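**Q** kindly generate the corresponding structure for this input.
(chains A and B)
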Amino acid sequence: MKTDDKQAIREVLASMIAEAPPPTDFSNLTEIQVVHTAIRPRRSPLVAALAGFAVAVAVIGSVIAITQRPAPVSISPGSGADASIFMVPGVMPDDLELAVADIWTDGFSTMQSFLLPGRTGWVEGDRVVNININNMVEQAGGDVAVLDLVTGDPEAFFEVLRQQTKDSYPDSQLTFDEITVRGRPALLVERTTTVDPNTPNGPIDVAIGVIVLEGNGIVSETGTHQIARDVAIAIAESLTPVTAEDFEAYTTTQP
Amino acid sequence: MRLDSPAVTDAEIYAEHATALVRFATVLVGPNDAADVVSSAVLRVLSSPGWTSVTNQRSYLHQAVANEARNFRRGETRRHDRETRVPTASVSYPREVHPEVRAAVARLSVRQRATVYLAYWEDMTDHMIADYLGISAGSVRRHLARARNHLRRALNEDR
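**A** As a prediction, this is how the structure comes out:
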């Protein structure tokens, strides 16, 4: 990169940094730690891990053509035993393209976002498919109770999810359906929320999240924005395990 | 070093790195959410059992902020807040400074932005960034290459 270009990037970074807010005053850090530690036992590791889960937003009634896409990478034969954080969809609305695919720094999660070309997915009204796959057990530090919950007690796991979603969205209308995806227990969460009427898709948002217990402590979440319920389910149904190397290649071939 | 200097408190460590962490977070998630991301990351780190054995706190805290930024970005809980702030956030950076490049930086993924920040602001090498963020040097090179491709287009438009 040319010197002028480097300088331009530095100037942009400087302009961004100039907007940095002052750091939070943690002069009472010891007290904060005490409080934080005190409340920690009440919050199970699983709930903590679930806190990062996204439940996506969709608009009711959007009709989207589904195409059976050729798999973007070579697909390994999949079964419950192959549950992995490395899974990719074989079905996707044909106007969405892969914008981000990544392995999280902790190594226990992957994420993929499919967006309309040129969109960020951050703006209300954007059509988005997010696929987050977590190794919940690893994230929770191998906690046996979590392992039992994730692998042996779907109903209890889904109850945690239901409660966490209710806590997170007290003002939303929520419906929960226990369904089966690829023969595995899954929870479908639908969330209806009144939003700014000036958004491109009107005053109502509907969130669809399909959370699947994939086995071996792996939980996949297909979260969609402005995607019909049957399409969201079809995408979750199409998730197929791939090798870590193939997923890595997938991330390198994204636009 | 924490193990060598047990008298250094967490509050002192935080005070030493807070400004740098907030700057880093500002590049990753914008000024509106930077302090929140740093606070969450710091509290998470300090409550971690492994924190007492960390020897490079600066690197560890930056990793935590990068992870928190990525979690933050995918977290739906705050999505509405972010969305309602988008019109404000989009003009909160001074637009007169290479607006095309600024927009291109804003479009980078969190990890790409983190590597760009560390490479161009902190002048770190690929290996230093890899150590800093806990990822491979190959991943750093890949993220930087992608980021540069995006930025190069913007730089050309900027001229």
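
**Q** number of residues surrounding residue A:9?
**A** 26 (other Cβ atoms under 10 Å in any protein chain shown). Backbone N, C-alpha and C define where each C-beta goes, glycine included.

**Q** ditto for residue A:189
**A** Using other Cβ under 10 Å, residue A:189 is surrounded by 23 other residues.

**Q** what's the distance between it and residue A:212?
**A** Distance, residue A:189 to residue A:212, using Cβ to Cβ, to the nearest Å: 12 Å.

**Q** what of residue B:13?
**A** Taken as Cβ to Cβ, the span from residue B:13 to residue A:212 is 41 Å.

**Q** which of these two has more neighbours?
**A** Regarding residue B:13 and residue A:212, a neighbour count based on other Cβ under 10 Å identifies residue A:212 as having more, with 25 against 21.

**Q** tell me the secondary structure for that one?
**A** strand (DSSP: H, G, I helix; E, B strand; the rest coil).

**Q** got the contact list for residue B:28?
**A** Residue B:28 sits next to B:34, B:37, B:65, B:66, B:69, B:110, B:113, B:114, B:117 when contact means Cβ atoms under 8 Å, 6 or more residues apart in numbering or on different chains.

**Q** save the residues you listed as JSON lines, and put in distance to chain A too.
**A** Formatted as JSON lines, the contacts of residue B:28 follow (distance: Cβ to the nearest Cβ, whole Å):
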{"residue": "B:34", "distance to chain A": "6"}
{"residue": "B:37", "distance to chain A": "10"}
{"residue": "B:65", "distance to chain A": "11"}
{"residue": "B:66", "distance to chain A": "6"}
{"residue": "B:69", "distance to chain A": "10"}
{"residue": "B:110", "distance to chain A": "9"}
{"residue": "B:113", "distance to chain A": "9"}
{"residue": "B:114", "distance to chain A": "10"}
{"residue": "B:117", "distance to chain A": "6"}
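
**Q** make a markdown table out of those residues and add secondary structure, neighbour count and distance to residue A:20.
**A** Formatted as a markdown table, the contacts of residue B:28 follow (DSSP: H, G, I helix; E, B strand; the rest coil; neighbours: other Cβ atoms under 10 Å in any protein chain shown; distance: Cβ to Cβ, whole Å):
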| residue | secondary structure | neighbour count | distance to residue A:20 |
| --- | --- | --- | --- |
| B:34 | helix | 28 | 6 |
| B:37 | helix | 27 | 12 |
| B:65 | helix | 28 | 12 |
| B:66 | helix | 28 | 16 |
| B:69 | helix | 25 | 14 |
| B:110 | helix | 22 | 16 |
| B:113 | helix | 23 | 14 |
| B:114 | helix | 29 | 15 |
| B:117 | helix | 25 | 12 |
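
**Q** could you say which helix or strand holds residue A:16?
**A** Using DSSP states H and E, residue A:16 maps to helix A:3-17.

**Q** for the chain, what are the low-confidence residue spans?
**A** Since no chain was named, I'll use chain A. A:1-2, A:25-82, A:100, A:104-107, A:118-126, A:138-152, A:167-169, A:195-205, A:251-255 (pLDDT under 70).

**Q** nope, chain B
**A** For chain B, residues meeting the criterion pLDDT under 70 lie at B:1-8, B:47-50, B:71-96, B:158-159.

**Q** so the top helix by length along it versus helix A:3-17, what angle?
**A** In chain B, taking DSSP state H as the definition, the longest helix is helix B:137-158. Here helix B:137-158 points in a direction 100 degrees away from that of helix A:3-17 (axes from the mean of the first three to the mean of the last three Cα atoms, to 10 degrees).

**Q** which strands and helices lie in contact with helix B:137-158?
**A** If you count contacts as 3 or more Cβ pairs under 8 Å, 6 or more residues apart in numbering or on different chains; DSSP states H and E, helix B:137-158 packs onto helix A:3-17, helix B:99-107, helix B:110-116, helix B:126-133.

**Q** of all these, which one is nearest residue A:247?
**A** Closest approach to residue A:247 among the helices and strands packed on helix B:137-158 (Cβ to Cβ): helix B:110-116, 15.1 Å.

**Q** smallest gap between chain B and chain A, at which residue?
**A** Residue nearest to chain A within chain B: residue B:18 (3.5 Å; Cβ to the nearest Cβ).

**Q** which SSE is the closest residue to residue A:23 other than its chain neighbours in?
**A** Distances taken as Cβ to Cβ, 6 or more residues apart in numbering or on different chains put residue B:18 closest to residue A:23, at 3.5 Å, once the chain neighbours are dropped. Taking DSSP H and E as the criterion, residue B:18 maps to helix B:10-29.

**Q** for that helix, buried residues please.
**A** Going by neighbour count (16 or more other Cβ atoms under 10 Å in any protein chain shown), the buried part of helix B:10-29 is B:10-11, B:13-14, B:17-18, B:20-29.

**Q** tell me the bridge partners for the residue nearest to residue A:180 when sequence neighbours are not counted.
**A** In this structure, residue A:180 finds its nearest non-sequential neighbour in residue A:186, 6.4 Å apart by Cβ to Cβ, 6+ apart. Beta-bridge pairing of residue A:186 under DSSP bridges involves residue A:179, residue A:212.

**Q** same check, this time on the one 4 residues further on
**A** Residue A:190 has the following beta-bridge partners by DSSP bridges: residue A:175, residue A:208.

**Q** quick check: it vs residue B:107, distance?
**A** Relative to residue B:107, residue A:190 is positioned 30 Å away (Cβ to Cβ).

**Q** who has more neighbours, the two?
**A** Neighbours were counted for residue A:190 and for residue B:107 using other Cβ under 10 Å; residue A:190 has more, 20 against 16.

**Q** if I look at that one, how far off is residue A:172?
**A** Applying Cβ to Cβ, the value for residue A:190 to residue A:172 is 10 Å.

**Q** who touches both of the two?
**A** Shared contacts of residue A:190 and residue A:172, defined by Cβ under 8 Å, 6+ apart, are found at residue A:207.

**Q** circling back: closest to residue B:42 among the buried residues of helix B:10-29?
**A** For these, the nearest to residue B:42 is residue B:14 (6.0 Å; Cβ to Cβ).
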